[in-house]
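Q: here you go, sequence then predicted model.
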Amino acid sequence: MVNFSKTIVFCIAIAIFMLCLSSREVAAHEGTATFYEPPYQPSACYGDKKINGVMIAAASDAIWDGGAACGKKYKVKCIGATNESPHPCKGKDHVVVKIVDYCPSGCEGTIDLSQEAFKAIADPDAGKIKIYYHQV
């Protein structure tokens with residue numbers, strides 16, 4: 001009976017531990033995304049240094065935080081149109097992009113995705129989309 005009780009306590013402890021790991025709540029924010037085309041250098045974060053990959057983005061004032069956003073990664077998901085474009089979301093469910101640049105005041109979106117990142121989740125003809133995004 002003692003071994004059975006220890007087993008139950010152990011199983012409950014494991015279940016609580018797994019629940020804690022899997023229930024890390026991620027606060028998703030709603031915003032908009034636009035895109036920009038190459039060349040992607042120079043950038044506000046890395047100057048003329050080579051940027052690896054094209055799954056990148058420029059941060060607007062909403063997430064720029066005086067440059068603290070540089071190098072951070074964001075998961076971006078298309079959730080709908082901001083204009084007349086019917087069903088702009090397509091392709092992948094989401095993309096993960098690295099912030100490499102700054103989209104200055106007057107930026108049309110919360111995040112300005114590389115052309116490749118935008119195209120992975122939405123029709124480029126839409127130009128601007130509604131998104132959920134959060135830091136990963």
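A: Okay, I see it.
Q: please count neighbours and contacts with C-alpha atoms only from this point.
A: OK.
Q: how much space separates Gly127 from Ala28?
A: Distance, Gly127 to Ala28, using C-alpha to C-alpha, to the nearest Å: 22 Å.
Q: who has more neighbours out of these two?
A: A count of neighbours by other C-alpha atoms under 10 Å puts Gly127 above the other of Gly127 and Ala28, at 18 against 14.
Q: what's the nearest residue to the more buried one if we skip its chain neighbours?
A: In space, Gly127 comes closest to Thr34 once its chain neighbours are excluded; the distance is 5.9 Å by C-alpha to C-alpha, 6 or more residues apart in numbering.
Q: what secondary structure does that neighbour sit in?
A: Assigned with DSSP: H, G, I helix; E, B strand; the rest coil, Thr34 falls in the strand class.
Q: hey, what's it bridged with?
A: Here Thr34 sits in beta bridges with Asp112, as judged by DSSP bridges.
Q: what sits against it?
A: For Thr34, the contact set (C-alpha atoms under 8 Å, 6 or more residues apart in numbering) comprises Glu108, Gly109, Ile111, Asp112, Leu113, Phe118, Gly127, Lys128, Ile129.
Q: farthest pair in those residues?
A: Largest separation among the contacts of Thr34 by C-alpha to C-alpha: Glu108 and Phe118, giving 14.1 Å.
Q: is it fair to say Trp64 lies in a helix?
A: Yes - per three-state DSSP, Trp64 lies within a helix segment.
Q: does Gln135 touch Cys70 like I think?
A: No - the pair Gln135 and Cys70 does not pass the contact test of C-alpha atoms under 8 Å, sitting 11.9 Å apart.
Q: out of those two, which sits in the more crowded spot?
A: Cys70 (21 against 17).
Q: what is the burial count for the nearest residue to that one once chain neighbours are set aside?
A: In space, and not counting its chain neighbours, Cys70 is closest to Ile99: 5.2 Å by C-alpha to C-alpha, 6+ apart. Here the number of neighbours of Ile99 (other C-alpha under 10 Å) works out to 27.
Q: cool, and the one 3 residues further on?
A: A count of neighbours around Tyr102, defined by other C-alpha under 10 Å, yields 23.
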